[in-house]
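**Q** Give me a 3D structure for the following:
(one chain, ligands or ions: 1)
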Amino acid sequence: MSKNLIVYYSRKGANYVGGNIRSLPKGNTEVCAELIQKSVGGDLFEVETVKPYSEDYNTCTEEAKAEKAADARPALKAYLDDVAAYDNIFVCGPCWWGTYPYPVFSLLEKLDFTGKRVWGLMTHEGSGLGSSRRDLVRFCPGAAVGEGIAILGSEVLRAPESVENKIKAWLAGLEL
Ligand SMILES: Cc1cc2nc3c(=O)[nH]c(=O)nc-3n(C[C@H](O)[C@H](O)[C@H](O)COP(=O)(O)O)c2cc1C
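**A** A predicted model of the protein is given here:
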């Protein structure tokens, strides 16, 4: 039986929900990552930065913009030693300025993805998958990067069943 790893970054706290800033106990992407686990099983790994981003939404967007401009690799609280035990790897994250938050790349670039199957899940507020697939190809050399899924972040709270059904349908088509 193939083994799944679900890597995710997700920001708790102030978030944009249907045009308003609300405080959420769990980030949108975390909910989606858990839905992958619920549907197909696997180990979850949360990417957490040593230095937290601002609680304030707008300040956080500026911090993220600066990291992208600097092509930064923010330090993480923990890294994975390797992904040797896994066949399938899901990389889940919010869209930040068109791609994953840069801490996701801090993790990916330390790992050897040769021979692995990789898929992206991105939550967003309009940008869809952005450049995430291209970035997965770049940061996971040697992996077969499949068709990812974009989930509208505000739907996670508003229409949880629809989000779960979309994720299940996507997974069903992957032939894990
Ligand atoms: C720093 C930052 C940058 C963002 N940039 C984008 C963007 O470029 N395009 C987009 O559609 N949404 C953008 N968003 C919205 C998030 O992608 C969206 O709210 C997502 O569901 C948040 O996921 P999370 O709760 O798991 O962190 C941004 C949010 C933040 C905090």
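**Q** Give me every residue in this protein lying close to the ligand.
**A** The interface of the chain toward the ligand, taken as Cβ under 6 Å from any ligand atom, is made up of 10-11, 15-16, 27-30, 57, 60-61, 64, 94-98, 123-127, 153. For the C-beta atoms, the positions are set from N, CA and C on the backbone; glycine is no exception.
**Q** List buried members of the residues you listed by neighbour count.
**A** For these, a burial check counting by 16 or more other Cβ atoms under 10 Å picks out 10-11, 15, 27-30, 57, 60, 64, 94-97, 123-124, 127, 153.
**Q** can I assume residue 170 is in contact with residue 151?
**A** No: Residue 170 lies out of contact with residue 151 (Cβ atoms under 8 Å); the separation is 9.4 Å.
**Q** So which of the two has more stuff around it?
**A** Set residue 170 next to residue 151 and count neighbours by other Cβ atoms under 10 Å: residue 151 wins out with 25 against 19.
**Q** May I ask which helix or strand encompasses that one?
**A** Per DSSP states H and E: residue 151 is located in strand 149-152.
**Q** That strand pairs with which strands?
**A** Taking DSSP bridges as the criterion, strand 149-152 sits next to strand 117-124 (parallel) in its sheet.
**Q** Please find the angle between the direction vectors of the following helix or strand past the partner strand and strand 117-124.
**A** Proceeding N to C from strand 117-124, the next assigned helix or strand is helix 132-139, under DSSP H and E. Helix 132-139 runs at 140 degrees relative to strand 117-124, counting by axes from the mean of the first three to the mean of the last three Cα atoms, to 10 degrees.
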